[in-house]
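Visitor: Generate a structure from the sequence data that follows.
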Amino acid sequence: MKKTKIILAVMLLLLTIPGTVWAGEINGDIKNYISSEKITTQHLLGGKAAALAMEKLHFAKGDANVLAMTNAGCAIISGQTTEKSIDGLAAVSGCTIGNSNLLLVQRAKNMPLWFAFYHKGTGEMLYLEANNSAAVMNAAELKSLANEKVFKTIAFENIGMDKLLASDGAWEAKAKNKVFGGNEFSLTGIAHIWAHPNCTYDFLRAAQFHNHICPGVNSGYLIIKYLDKHLPLNAGQSYRIIACPSWCKDDAYQTILDTTVGKKGIYAMALTSEQLSSLPESARNVAGLYIRWNEQSGTGEGLVLGFDFNKANELAGTTNMTGTFAKIKTALSMMDYVNQPETMVSTLKQFKINSPAELEALFAAGVNPLESVGLAK
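Guide: Numbers count the residues shown, from 1 in each chain. Next up, the predicted model:
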């Protein structure tokens, strides 16, 4: 009987020690990272997510093949902000903003707090959604809590492109069932675009703000590349953009060009079917007006640009494809042309602005700017 008790005690100790050591390693990494002894619940939450990802995806701290994504900093739980989770995640995983493998994905404040990790070598992704009750308990309580109590969702999937596009619709069904908490399209798209050799951090900033990858936001990036060549900024100049019509491209302008709505750098307008039909057939793919404005002289030069989505689908081989994830395939193909934006972007008309009053007139409510510059009838 005594021998049995000893064996049971040893077995219990063996089960307990790894968890204790694991928690100790998390604490040590976080303390070193934040240069403080004051580790909060949020720090631990990010650290626990990273530790579990390292276990499930089999990677060591600082592995450049791993991407971490989270909406920490956006999510607010019971009045508490969640930005400290970002430090905990970075401290344990080694994924950082400076290494371009920690992305902070924009989401509304009322959305659940989540963490996702993608290994581009294996195509595997781990998605973790925090349990709100765990997120607001004190740090001492959280330390000893089992992963299943800390995270209400723990989902492990292979998101290889062949699987996303499989004809059996398996991934479409998983997306419908919200295997990643409703973030399936968002996370798979950002992960694949991050792994693309032509992807740069300025585009990743747009992806984070837009919170997903689609041909629309890619078109904005290609238009920016086109402007770099055909309407580059010189000293004292800035862009004024009339997004007419408006689509996902406009989020890329705000993040990369700083043409925000609040700073009056961009105005978004819809086109009615009647206004669209008033355009020449060759201009039906219109993507807006782009003005290089000189504040000192009060003058500007402008281009009306078009974007050819039919060409984008043709090059991607997705013209006749259906399904949610076909958009990701098109977006990935578009990244192959970041240095050849003319493949899909074209100039429909050039125009000049001779005074601030002329510029203001283009922005005025009820005005069709395409008529003002002489492109529409």
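Visitor: quick one: low-confidence ranges for this structure?
Guide: Applying pLDDT under 70 to the chain flags the ranges 1-24.
Visitor: Where do the strands of it begin and end?
Guide: For the chain, the strands defined by DSSP state E occupy 66-70, 76-77, 80-81, 102-104, 114-119, 124-130, 151-158, 237-243, 266-268, 286-294, 299-307, 345-353.
Visitor: among those, which is nearest residue 258?
Guide: strand 237-243 (8.4 Å; C-beta to C-beta). For glycine as for every other residue, the C-beta is placed from the backbone atoms N, C-alpha and C.
Visitor: Tell me which strands the closest one pairs with, and in which orientation.
Guide: According to DSSP bridges, strand 237-243 forms sheet pairs with strand 266-268 (parallel), strand 286-294 (antiparallel).
Visitor: re earlier: any idea which of the strands of the chain gets closest to residue 217?
Guide: Comparing the strands of the chain by C-beta to C-beta, strand 299-307 comes nearest, at 12.0 Å.
Visitor: where's that closest one relative to the chain centroid, distance-wise?
Guide: Relative to its chain's centre, strand 299-307 lies at 28 Å (C-alpha atoms, centre = their mean, to the nearest Å).
Visitor: So which bits of that strand are buried?
Guide: 299-300, 302-307 (16 or more other C-beta atoms under 10 Å).
Visitor: Stretch 29-38 too?
Guide: Quick answer for stretch 29-38 (16+ other C-beta under 10 Å): 29-30, 33-34.
Visitor: can you list those in JSON lines and add distance to residue 315?
Guide: Formatted as JSON lines, the buried residues of stretch 29-38 follow (distance: C-beta to C-beta, whole Å):
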{"residue": "29", "distance to residue 315": "45"}
{"residue": "30", "distance to residue 315": "46"}
{"residue": "33", "distance to residue 315": "43"}
{"residue": "34", "distance to residue 315": "46"}
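Visitor: Among those residues, which one sits closest to residue 221?
Guide: Nearest to residue 221 among these, with distances taken as C-beta to C-beta, is residue 33, at 32.5 Å.
Visitor: hang on, the earlier thing: closest one to residue 101 out of the buried residues of stretch 29-38, please.
Guide: Using C-beta to C-beta, the buried residues of stretch 29-38 come closest to residue 101 at residue 33, 15.7 Å.
Visitor: quick one, what contacts that closest one?
Guide: If you count contacts by C-beta atoms under 8 Å, 6 or more residues apart in numbering, residue 33 has them with 87, 90-91.
Visitor: that older thread, which pair of the buried residues of stretch 29-38 spans the longest distance?
Guide: 29 and 34 (9.7 Å).
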